[in-house]
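J.: coordinates only, sequence not included:
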């Protein structure tokens, strides 16, 4: 994602009230200094990675929540409910656990 796109994303989050003016300025200066916004709370990550810090089992729900910009408990509830539909949630979870790389892994 280009710097202009990330700045637009920050401006959009600030306009919607997702981040405060102070957070907007801090994240903007961090972005302009060359740092990435990956892993920043409130900033939706466009790539799927398993979470290393928000995990119970494999980090799949934490990674999905970060990618979608929602609370982790919502994803965990959805996966749990899907387990009751012929094990669909369990199958999806295991497949994502196997095929989605963890945070910090090279995207080669």
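T.: Cool, got the structure. Because the structure is a prediction, the values reported are computed rather than measured. Residues are numbered from 1 along each chain as shown.
J.: May I see the buried residues of the longest helix belonging to the chain?
T.: Taking DSSP state H as the assignment, the helix of the chain that covers the most residues is helix 3-16. Buried residues in helix 3-16, counted by 16 or more other Cβ atoms under 10 Å: 6, 9-10, 13-14. In this view, the C-beta of every residue, glycine as well, is placed from N, C-alpha and C.
J.: Ok, stretch 83-98 next?
T.: For stretch 83-98, by 16+ other Cβ under 10 Å, it's 89, 92-93, 96.
J.: Those residues into TSV, with extra columns for pLDDT, distance to residue 103 and secondary structure?
T.: Output for the buried residues of stretch 83-98, formatted as TSV (pLDDT from 0 to 100; distance: Cβ to Cβ, whole Å; DSSP: H, G, I helix; E, B strand; the rest coil):
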residue	pLDDT	distance to residue 103	secondary structure
89	84	22	helix
92	84	20	helix
93	84	17	helix
96	85	14	helix
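J.: So for residue 77, what's the pLDDT?
T.: Looking at residue 77, its pLDDT stands at 90.
J.: The residue nearest to the spatial centre of the chain in helix, strand or coil?
T.: Most central in the chain under Cα atoms, centre = their mean is residue 66, positioned 1.8 Å from the mean C-alpha point. Per DSSP: H, G, I helix; E, B strand; the rest coil, the secondary structure class of residue 66 is helix.
J.: According to the record, where do the domains of the chain fall?
T.: As assigned by automatic domain parsing, the chain contains the domains 3-32, 44-108.
J.: And the pLDDT for the residue nearest to the centre of the chain?
T.: Confidence for residue 66, expressed as pLDDT, is 81.
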